[in-house]
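Participant: Next comes the sequence, and after it the predicted model I'd like to discuss.
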Amino acid sequence: MAVGQRRRARIAALQSLYEGDTSTHTPQDSLAHIAADQNLKQNTADFARALVDGVLARRDEIDGIIAAATPAWPLDQMPPIDRNILRLAISEMLGDNGTPVGTVINEAVELAKSFGSEKSGSFVNGVLGSISKQNIGTHADQPT
């Protein structure tokens with residue numbers, strides 16, 4: 001899948017996780033609407049679905065990792081967009097989709113710059129950098 005399609009999938013996944021976190025809609029239902037509205041290609045929608053499912057399957061573990069890395073920022077006080085960018089990135093770091101950790105961090109920072117506040121990019125970069133030093137990701141040396 002082309003890099004642009006992977007980015008579109010990450011954006012759709014982030015939007016659906018955010019909506020699920022801030023409304024009564026499930027992320028899966030949100031993703032179905034987002035994929036249709038954005039005319040995502042099937043493989044892009046499938047990758048987005050895999051990302052969302054990965055976050056949901058390991059959400060407690062992921063939230064624990066975030067909480068440990070951000071003791072001054074309780075998860076429930078963190079901006080929802082930052083919280084879900086971190087969830088998405090950590091899920092990829094824990095997963096097996098072959099994306100190198102550096103690429104995951106770069107993609108998360110780009111999402112934070114695009115969708116978060118002025119300080120979201122540096123916050124996400126710092127948190128994920130700290131987490132990556134704990135060798136959480138298994139794909140650090142694999143090519144994109």
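Facilitator: It's in. Residues are numbered from 1 along each chain as shown.
Participant: pLDDT weak spots in this protein?
Facilitator: Applying pLDDT under 70 to the chain picks out residues 1-3, 135-144.
Participant: Against Thr22, how distant is Arg6?
Facilitator: As judged by C-beta to C-beta, to the nearest Å, Arg6 and Thr22 stand 25 Å apart. C-beta here means a position set from N, CA and C on the backbone, and glycine is covered the same way.
Participant: Which of the two has more residues huddled nearby?
Facilitator: Set Arg6 next to Thr22 and count neighbours by other C-beta atoms under 10 Å: Arg6 wins out with 20 against 11.
Participant: residue ranges for the strands of the protein, please.
Facilitator: Along the chain, no stretch is classed among the strands by DSSP state E.
Participant: where along it do the helices fall?
Facilitator: Using DSSP state H, the helices of the chain run over residues 3-22, 27-37, 42-57, 59-69, 80-94, 101-115, 120-132.
Participant: if I look at Ser30, how far off is Ala45?
Facilitator: 13 Å.
Participant: Ok, Asp53 next?
Facilitator: Applying C-beta to C-beta to Asp53 and Ala45 gives a distance of 12 Å.
Participant: ditto for Gln77
Facilitator: Here the criterion is C-beta to C-beta. By it, Gln77 lies 33 Å from Ala45.
Participant: between the two, who's got more neighbours?
Facilitator: More crowded of Gln77 and Ala45, by other C-beta under 10 Å: Ala45, with 22 against 9.
Participant: which non-adjacent residue is nearest that one?
Facilitator: Spatially, and ignoring its direct neighbours in sequence, Ala45 is nearest to Ala35 (4.2 Å; C-beta to C-beta, 6 or more residues apart in numbering).
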